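Q: Provided below are the primary sequence and the corresponding predicted coordinates.
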Amino acid sequence: MKKKNVLNLIKYYAEKNDSAFRNEAYEIAKYFDKNNDYQLSEYIMALLSDVNTFSPQIDTSENLFVKKVEIANNPLPLPNLIKDSLLGIINAIGHNAGINKFLFEGPPGTGKTESAKHIARILERELFIVDFDSVIDSKLGQTSKNISSLFNEISSVSNPDKIVILFDEIDAIAIDRINTNDLREMGRATSSVLKGLDNLNDNIILIATTNLYKAFDKALVRRFDAIIDFSRYTKEDLVNVGEAILNNMLQKFKFAGRNMRLFKKILNYMDIIPYPGELKNLIKISIAFSNPNDEFDYLKKLYISVSKNNESMDLKYMQNSGFTVREIELLTGISKSQVSRELKE
């Protein structure tokens with residue numbers, strides 16, 4: 001890296017020349033990467049992805065229905081099937097083929113919202129989320145008007161190719177209009193969404209998420225260019241996700257010991273492994289509530305929390321479930337010699 005690079009950075013920053021500033025920063029990152037300083041190179045790239053250098057694309061102080069989402073560079077472990085779908089989205093956007101509306105469907109905790117954040121980060125775009133609490137109104141006809149105003153806000157952005165709009169849990173305004181049990185007001189609201197999507201600028205990326213895809217309005221489904229199913233997790237996928245989550249948490253909880261073999265056995269011991277959102281909370285609580293003087297106490301707490309029945313702490317039952325004498329010692333607090341003696345008896 002030369003002095004010229006630093007001077008250029010200062011110059012472009014002073015001129016508020018976002019494009020030139022980023023290009024110069026990328027050149028610096030490439031320089032460090034070429035000189036095997038990968039950590040510093042990745043750090044610079046992460047900063048460029050996470051931070052919008054100068055001015056926001058939407059002034060949320062003047063808008064009622066959208067708010068900016070800060071994007072952290074957190075790990076996002078996903079099955080290969082879903083990863084490939086997200087990579088396809090990024091490729092499609094890069095081809096500028098007018099494909100810009102995506103629906104993420106699947107149960108809660110499967111990574112839909114986090115995936116939207118990562119797509120915005122990778123594309124170096126600002127992410128704005130729609131505040132449906134402010135959109136939905138109890139006054140007759142007002143919700144439909146608010147939706148029209150929402151799309152007007154979105155369409156008025158100065159740089160549409162630099163933002164991603166997230167309709168998180170779009171079910172709030174996307175119920176099935178042909179269901180006679182639905183209120184006529186919400187039917188009008190869905191019609192306003194249809195109109196807004198039809199007129200959306202092709203340069204604006206819109207991602208919607210839903211937990212209720214089967215009850216989704218079919219006309220609305222057809223407005224999306226691609227639908228990504230986030231329920232495609234095998235048990236092996238969930239074990240791998242659990243391992244990635246634990247590895248990340250062990251960096252923060254330094255007192256906790258690493259025993260991945262036992263951790264995986266505990267997960268496989270479960271009849272149904274929960275999706276990543278719930279699984280993350282389960283692991284986090286087990287570590288947070290564990291004894292800091294016992295490095296493997298969190299594994300004991302995790303095992304107890306997922307135990308199937310009252311026999312779960314029975315030594316013979318644990319042995320028949322595939323746990324070794326040493327693992328039983330860790331999970332029960334009973335010494336190996338005593339475990340061996342009781343098992344023989």
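A: In hand now; what should we look at?
Q: and the residue most central in space within the chain, what does it touch?
A: The centroid of the chain falls nearest to E114 when counting by C-alpha atoms, centre = their mean (1.5 Å). Residues in contact with E114 (C-beta atoms under 8 Å, 6 or more residues apart in numbering) are 74, 76. In short, each C-beta sits where N, CA and C put it, glycine included.
Q: cool, and R223?
A: R223 makes contact with 101, 194, 197-198, according to C-beta under 8 Å, 6+ apart.
Q: how much space between it and K145?
A: Distance, R223 to K145, using C-beta to C-beta, to the nearest Å: 20 Å.
Q: ranges for the strands of the stretch 201-345 of the chain?
A: Using DSSP state E, counting those that start in this stretch, the strands of the stretch 201-345 of the chain run over residues 205-210, 226-229.
Q: Work out the sheet partners of the longest one and label each with its direction, please.
A: To tie it back to what came earlier, the one meant is strand 205-210. The sheet places strand 205-210 alongside strand 101-105 (parallel), strand 163-167 (parallel), with pairing taken from DSSP bridges.
Q: do the shortest one as well
A: Using DSSP bridges, the neighbouring strands of strand 226-229 in the sheet come out as strand 101-105 (parallel).
Q: residues in contact with the strand it pairs with?
A: Contact partners of strand 101-105, identified using C-beta under 8 Å, 6+ apart, comprise 89, 112, 115-116, 170, 197, 200, 205-211, 213, 216, 221, 223-231.
Q: Among those, name the buried ones.
A: If you count burial by 16 or more other C-beta atoms under 10 Å, the buried members of the contacts of strand 101-105 come out as 89, 112, 115-116, 170, 197, 200, 205-211, 213, 216, 223-224, 228, 230.
Q: how deep is Y43 tucked in, by neighbour count?
A: 14 (other C-beta atoms under 10 Å).
Q: ok, now how distant is it from A72?
A: From Y43 to A72 the distance is 14 Å (C-beta to C-beta).
Q: out of the strands paired with strand 205-210, nearest to S337?
A: For S337, the closest of the strands paired with strand 205-210 is strand 101-105, at 52.8 Å, according to C-beta to C-beta.
Q: can I see the domain layout of this structure?
A: As recorded under automatic domain parsing, the domains making up the chain are 3-50, 66-229, 235-344.
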